[in-house]
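> Got a sequence here, can you model it:
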Amino acid sequence: MRERLESLLLVLAVGSVVAIGAKRVGVPYNVALVLIGLVLVVLDVLPNTPMDPEVILIAFLPVLVFEGALAADADILRAASRPILALAVPGVLISLLGTAAVATLVLDLPFAAALLLGALLAITDTVSVLLAFRSVRVPHRLAAIMEGESLFNDGTALVLVLIASRVLASGTFDPVDTFRALSMAMLGGAVLGGAFGALGAVLLRRTPDHLTAILASLVLVFATALLTERLHASPVIAVVVAGVVVGKAARRHLEPSRVLALEGFWETTGFLLNVLLFLLVGMQIQADMLVREAASIGLALIALHAGRAVAVYGCFGALRALTREVVPLRWQHVMLVGNIKGALSMAAVLSLPKDMPFRERLITIVFGVTFVTLVAQALPFARLLKLLRVAAPSADAALDGAKATLIAARRGQAELDDLLAAGLLSRKEHAERRAAFQRRVIAAEAALQSPQGEAERDHLTDLALLTAEKAALLDAARRGLIADETANAQVSEIDREMMKLHEHEGGH
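Sure thing, here's the model as predicted:
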């Protein structure tokens, strides 16, 4: 146990140094970790440490998907639900079949093995994409579609991996049983996730402080994953749905300090696990295996992108024909290039049974594809966003600073007024401090008097007013002043207006 702990601490120490260095030079930290992990293994500085797939799938995965789901805005995801579901359900199936068809032709694999390879490569790594989105401003709707797809894609793809591995191992395919298992896993996961999420939301509202709220959320995550798996549903889908429900309830009912503490804990935990995972991914890759299967890896990359292209362009073409909902073609290009593999694909292929046919070859191909996509696609992804003219122009630093000052000063004045009304502040001190805030307000408003500043301020005002209207409607429904149906109808209309403003902000 002591040796294992020392090895873990060594890996974590190396990962921390690499992550800090990567962030300082502006390189995606997951790419840097994979590269450094491979180099350290080749130089025999660190041993080729095997990953325990059960630990990855049972302990790491629920935390990672919950962290992303908790931070997601449920209202924005709902507004973009059609494109998200198109990619996460039929899109994954089309991508799997397209990849399998090409892989069968060019890799000389039986169709069952090619199906399994397609399922393994249907899993996406969104860490690189989300890191690029944080460094380059993109339209909110594009970010919502890709974030939402990532949340639900993993669950769908992992269910398909399980089904495809059973088909390959048994050598038989029963369409009825396969459809039943797929439906049970996906629908059961969604229903159980919603139930656990509702229970978690009630529990969080009754916690007395942020420490107990964090503890309750931790228990919720693993209880959801473990119990859902026992019921043969998808634990990933269940945790995602529970995370979205809990995140929405927390932001609506908890005080801001507790929400920030909750999100901060899960963000830190998710970052820690990503550092460990991506360094361990690099330490799994064997250079001689990559060289030996270089041709197969190259052909698998062609199959992967061919399947993804059919899924993205086909699904959005059908969506436009059926619902007239348009996803810009440049966004579709981003979704194609953003099809990057990561730790989850590797964990899934390592979890295959030892006696699985073609297991070693599948491991080599998935490892190689993961390595190439991380280096060749994740590194230049931010620049590609600019080349495709998807990235919005950088915000004016002076205007952004003025807006931040104005928001903070106005909030400070409101807090001073509350303290005075509660008798916790003397009138003299209130007047002095309010005057200091007012000087900051005047300076900020002067900076916002330019034509660009006026447009920015109008946009900010519109968003603030819509947010206030939405909060008032939800509060009135909660207090029984208006019917839930009435409130929900008007809130949906406000959400649509907010989405239009967000899209205008992104330049699309």
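
> what's the helix or strand containing residue 31 packed up against?
Using DSSP states H and E, residue 31 sits within helix 29-42. If you count contacts as 3 or more CB pairs under 8 Å, 6 or more residues apart in numbering; DSSP states H and E, helix 29-42 packs onto helix 2-25, helix 127-135, helix 256-284, helix 359-373. C-beta here means a position set from N, CA and C on the backbone, and glycine is covered the same way.

> and of the ones you listed, who's closest to residue 103?
Distance to residue 103, taken as CB to CB, is lowest for helix 359-373 among the helices and strands packed on helix 29-42, at 8.8 Å.

> List the buried residues in the closest one.
Buried residues in helix 359-373, counted by 16 or more other CB atoms under 10 Å: 359, 361-373.

> Just send those residues back as JSON lines, with distance to residue 429 and pLDDT too.
Formatted as JSON lines, the buried residues of helix 359-373 follow (distance: CB to CB, whole Å; pLDDT from 0 to 100):
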{"residue": "359", "distance to residue 429": "72", "pLDDT": "83"}
{"residue": "361", "distance to residue 429": "74", "pLDDT": "84"}
{"residue": "362", "distance to residue 429": "70", "pLDDT": "87"}
{"residue": "363", "distance to residue 429": "68", "pLDDT": "83"}
{"residue": "364", "distance to residue 429": "70", "pLDDT": "83"}
{"residue": "365", "distance to residue 429": "69", "pLDDT": "87"}
{"residue": "366", "distance to residue 429": "65", "pLDDT": "86"}
{"residue": "367", "distance to residue 429": "65", "pLDDT": "82"}
{"residue": "368", "distance to residue 429": "67", "pLDDT": "85"}
{"residue": "369", "distance to residue 429": "64", "pLDDT": "88"}
{"residue": "370", "distance to residue 429": "60", "pLDDT": "84"}
{"residue": "371", "distance to residue 429": "62", "pLDDT": "81"}
{"residue": "372", "distance to residue 429": "63", "pLDDT": "86"}
{"residue": "373", "distance to residue 429": "59", "pLDDT": "87"}
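
> between the helices and strands packed on helix 29-42, which gets the lowest average pLDDT?
By mean pLDDT, the lowest-scoring of the helices and strands packed on helix 29-42 turns out to be helix 127-135, with a mean of 68.

> coming back round to it: how about the helices and strands packed on helix 29-42 in CSV, adding distance to residue 440?
Shown next, in CSV, are the helices and strands packed on helix 29-42 (distance: least, CB to CB, whole Å):
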stretch, distance to residue 440
helix 2-25, 31
helix 127-135, 28
helix 256-284, 21
helix 359-373, 47
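
> Can you check which of those helices gets nearest to residue 491?
Checked against CB to CB, the stretch from those lying closest is helix 256-284, at 19.6 Å.

> and the very next helix or strand once past that closest one, how far from the chain's centre?
Next in sequence after helix 256-284, counting helices and strands by DSSP H and E, comes helix 287-292. How far helix 287-292 lies from its chain's middle: 31 Å, per CA atoms, centre = their mean, to the nearest Å.

> Same check on stretch 161-174?
Relative to its chain's centre, stretch 161-174 lies at 29 Å (CA atoms, centre = their mean).

> Just the closest of the buried residues of helix 359-373 to residue 299, please.
Ranked by distance to residue 299 (CB to CB), the buried residues of helix 359-373 are led by residue 365 at 8.9 Å.

> List the contacts of the residue lying closest to the closest one once chain neighbours are set aside.
The shortest distance from residue 365 to any non-neighbouring residue, by CB to CB, 6 or more residues apart in numbering, is to residue 300 (4.9 Å). Applying CB atoms under 8 Å, 6 or more residues apart in numbering to residue 300 gives the contacts 103, 107, 117, 121, 365, 368, 369.

> Any chance of these in CSV with distance to residue 91 as columns?
CSV is the format used below for the contacts of residue 300 (distance: CB to CB, whole Å):
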residue, distance to residue 91
103, 18
107, 23
117, 17
121, 13
365, 22
368, 24
369, 19
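
> farthest-separated two in these?
Longest span within the contacts of residue 300, CB to CB: 103 and 368, 13.4 Å.

> Against residue 435, how distant is the residue of the chain most remote from its centre?
Within the chain, residue 428 marks the point farthest from the mean C-alpha position, 49.3 Å out by CA atoms, centre = their mean. Distance from residue 428 to residue 435, counting by CB to CB, to the nearest Å: 11 Å.

> same question, residue 140
From residue 140 to residue 435 the distance is 38 Å (CB to CB).

> ok, now residue 204?
40 Å.

> Between the two, which has more neighbouring residues?
With neighbours defined as other CB atoms under 10 Å, residue 204 and residue 435 compare such that residue 204 has more, 22 against 10.

> Not including adjacent chain positions, what is the nearest residue to the more buried one?
residue 213 (5.5 Å).

> List the contacts of the helix or strand hosting residue 216.
Using DSSP H and E, residue 216 maps to helix 210-230. Contacts to helix 210-230, defined as CB under 8 Å, 6+ apart, come from residues 58, 61-63, 66, 70, 188-189, 192-193, 196, 199-200, 203-204, 207, 234-236, 238-239, 242-243, 246, 254, 257-258, 261-262, 265-266.

> one more time with 7 Å, if that's ok
62-63, 66, 189, 192-193, 196, 200, 203-204, 207, 234-235, 238-239, 242, 246, 257-258, 261-262, 265 (CB atoms under 7 Å, 6 or more residues apart in numbering).

> Now do it against helix 256-284: the angle between them, please.
Interaxial angle of helix 210-230 relative to helix 256-284 (axes from the mean of the first three to the mean of the last three CA atoms, to 10 degrees): 50 degrees.

> quick one: average pLDDT of helix 210-230?
Average pLDDT, helix 210-230: 90.

> Whatever helix or strand comes next after it to helix 210-230, inter-axis angle?
Next along the chain after helix 210-230, taking DSSP H and E as the criterion, comes helix 235-253. Here the directions of helix 235-253 and helix 210-230 differ by 150 degrees (the same axes, to 10 degrees).

> Can you name every helix or strand that helix 235-253 contacts?
Where contact means 3 or more CB pairs under 7 Å, 6 or more residues apart in numbering; DSSP states H and E, helix 235-253 is packed against helix 61-71, helix 74-79, helix 140-170, helix 175-205, helix 210-230, helix 256-284.

> doesn't residue 409 make contact with residue 441?
Yes - here residue 441 reaches residue 409: they are 4.8 Å apart, a contact under CB atoms under 7 Å.

> When those two are compared, which one has more neighbours?
Ranked by neighbour count (other CB under 10 Å), residue 441 and residue 409 place residue 409 first, with 21 against 17.

> Mind telling me what element the more buried one is part of?
Applying DSSP H and E, one finds residue 409 within helix 397-421.

> mean confidence score for that helix?
Helix 397-421 comes out at a mean pLDDT of 81.

> what's downstream of that helix, the next helix or strand?
helix 427-447.

> Fine by me, we can end here.
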